[in-house]
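**Q** I'll drop the sequence and a predicted model, then ask my questions.
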Amino acid sequence: MNEQDFRTALRDTMSVQVPPPPMSDAPVLEAAHRDRRRRRAMWSGAGSAAAVVAVAVGVAVLAPAMSGDEDAQVGGLVTRQPNAMSTESANQPSGPGNRPSAKSSPDVPPGQTDRTARSGTQYERGAALADKLAEVIPAGYGSPDLPTPAGDSGGGPFKYHQANYEDTLNGRELWDYEAYAPVTKGEGVGRLLVEVHTAGSVTGDGCGLQPLWGMAGSCTEVAVGGKRVAVVTVANDRFDQWAGYRYDDGTVVFVAQATTFAFADKPALDGLPFTAEQLAALATDPRFKVT
């Protein structure tokens, strides 16, 4: 299983989580008492022990959890950390990297067996995004089709694109599209990512934007033609820096860069391919606005 398959499986798992049980234990206790009385009448008390077990299990299930949400601010970027009991987080559109669906069933669009499109219009949009990413490789760098190393433990291909169904909101399907590309210079290999979310999937603007894959860090807002772009430096084994911009229509574009490429079995680049300002400009590049 590679990183992309893992993220897809995580989305599917989170989409089928059942809501928490009611906080009151009265219905369970009342049912247990009724059951105990009935069993006493039928079995002359033989069912009493079973009723006690039922009561104990019911109380254990209803043990109260923490309530409420916590806000963690890291370098100007506020990351909401919803508690499992938070009804607010269950009703909000999900964000990148931590995307529990607002749907209560794992339904997917007709013709698909899971959330990943493997043909058709949505698939082609992901493929087109990969072509656009190839166009922005900076001068002095290459982006070859590197062979998968022998004994690869699940990293998968170095060039990759994907289209994922997220949810249906008010009758409109929400999708995200992503494309990876290796970036090489000398012996070093890093990587680039572009990820696009249709309107309704991601909330926030500037440094208030929901973080890419939950990767919060030190955020700086960069102005690009009057547009507020978040540029976040992170301490992460996936990426070193990402930029995110939300269009007026709600479409969100993320662009990320790293000096390394997991599973490449190659040395790291000497530095990041783009400056923070260049990365911010890429996040507003109309070529990446999937429509």
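**A** Yep, that arrived.
**Q** so where is the protein shaky, pLDDT-wise?
**A** Applying pLDDT under 70 to the chain flags residues 1-106, 148-156.
**Q** give me that answer again for 50
**A** For the chain, applying pLDDT under 50 flags the ranges 18-19, 21-34, 36-106.
**Q** that one: strands as residue ranges?
**A** All strands of the chain, identified by DSSP state E, fall at 70-74, 77-81, 160-169, 172-185, 188-197, 218-224, 227-233, 241-246, 252-258.
**Q** out of those strands, nearest to residue 114?
**A** strand 160-169 (8.6 Å; Cβ to Cβ). Yep, even glycine has a C-beta here, placed from its N, CA and C like the rest.
**Q** buried stuff in the closest one?
**A** Buried positions in strand 160-169, judged by neighbour count with 16 or more other Cβ atoms under 10 Å: 160, 161, 162, 163, 164, 165, 166, 167, 168.
**Q** now, which of the residues you listed sits nearest residue 192?
**A** residue 160 (11.4 Å).
**Q** quick one: contacts for the closest residue to the closest one other than its chain neighbours?
**A** Leaving out its chain neighbours, the residue that sits closest to residue 160 by Cβ to Cβ, 6 or more residues apart in numbering is residue 180, at 4.5 Å. Applying Cβ atoms under 8 Å, 6 or more residues apart in numbering, we find residue 180 in contact with 130, 133, 158, 159, 160, 161, 191, 192, 193.
**Q** switch these over to a markdown table; also include distance to residue 221.
**A** Below are the contacts of residue 180 laid out as a markdown table (distance: Cβ to Cβ, whole Å):
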| residue | distance to residue 221 |
| --- | --- |
| 130 | 28 |
| 133 | 24 |
| 158 | 32 |
| 159 | 31 |
| 160 | 30 |
| 161 | 29 |
| 191 | 25 |
| 192 | 22 |
| 193 | 21 |
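**Q** out of the buried residues of strand 160-169, who's nearest residue 117?
**A** Closest approach to residue 117 among those (Cβ to Cβ): residue 163, at 4.3 Å.
**Q** the closest one reaches residue 174, doesn't it?
**A** No - if you go by Cβ atoms under 8 Å, residue 163 and residue 174 don't touch, sitting 11.7 Å apart.
**Q** okay, now the domains of the protein?
**A** According to automatic domain parsing, the chain comprises the domains 26-61, 72-288.
**Q** hang on, the earlier thing: which stretch among the strands of the chain comes nearest residue 115?
**A** strand 160-169 (4.7 Å).
**Q** got the angle for the closest one vs strand 188-197?
**A** 20 degrees (axes from the mean of the first three to the mean of the last three Cα atoms, to 10 degrees).
**Q** give me the buried subset of the contacts of residue 180.
**A** 130, 133, 158, 159, 160, 161, 191, 192, 193.
**Q** out of the residues you listed, which is nearest to residue 279?
**A** Distances from residue 279 to these, taken by Cβ to Cβ, are shortest for residue 192, at 9.6 Å.
**Q** residue 113 versus that closest one, what's the distance?
**A** 30 Å (Cβ to Cβ, to the nearest Å).
**Q** any idea what the residue nearest to residue 160 is bridged to?
**A** Going by DSSP bridges, residue 180 is paired in beta bridges with residue 160, residue 193.
**Q** my guess is residue 142 meets residue 184, correct?
**A** Yes - Residue 142 is within contact range of residue 184, at 4.5 Å (criterion: Cβ under 8 Å).
**Q** more neighbours, those two?
**A** residue 184 (21 against 12; other Cβ atoms under 10 Å).
**Q** contacting residues for residue 181?
**A** Residue 181 neighbours (Cβ under 8 Å, 6+ apart): 130, 133, 134, 137, 143, 158, 159, 191, 192.
**Q** and with 7 Å instead?
**A** 133, 134, 143, 159, 191, 192 (Cβ atoms under 7 Å, 6 or more residues apart in numbering).
**Q** number of residues surrounding the third one?
**A** Here the count is done by other Cβ under 10 Å, and residue 143 has 20 residues near it.
**Q** distance of it relative to residue 171?
**A** On the measure of Cβ to Cβ, residue 143 and residue 171 end up 39 Å apart.
**Q** and the first one, by the same measure?
**A** Shown here: residue 133 relative to residue 171, a distance of 31 Å by Cβ to Cβ.
**Q** try the fourth one
**A** Shown here: residue 159 relative to residue 171, a distance of 35 Å by Cβ to Cβ.
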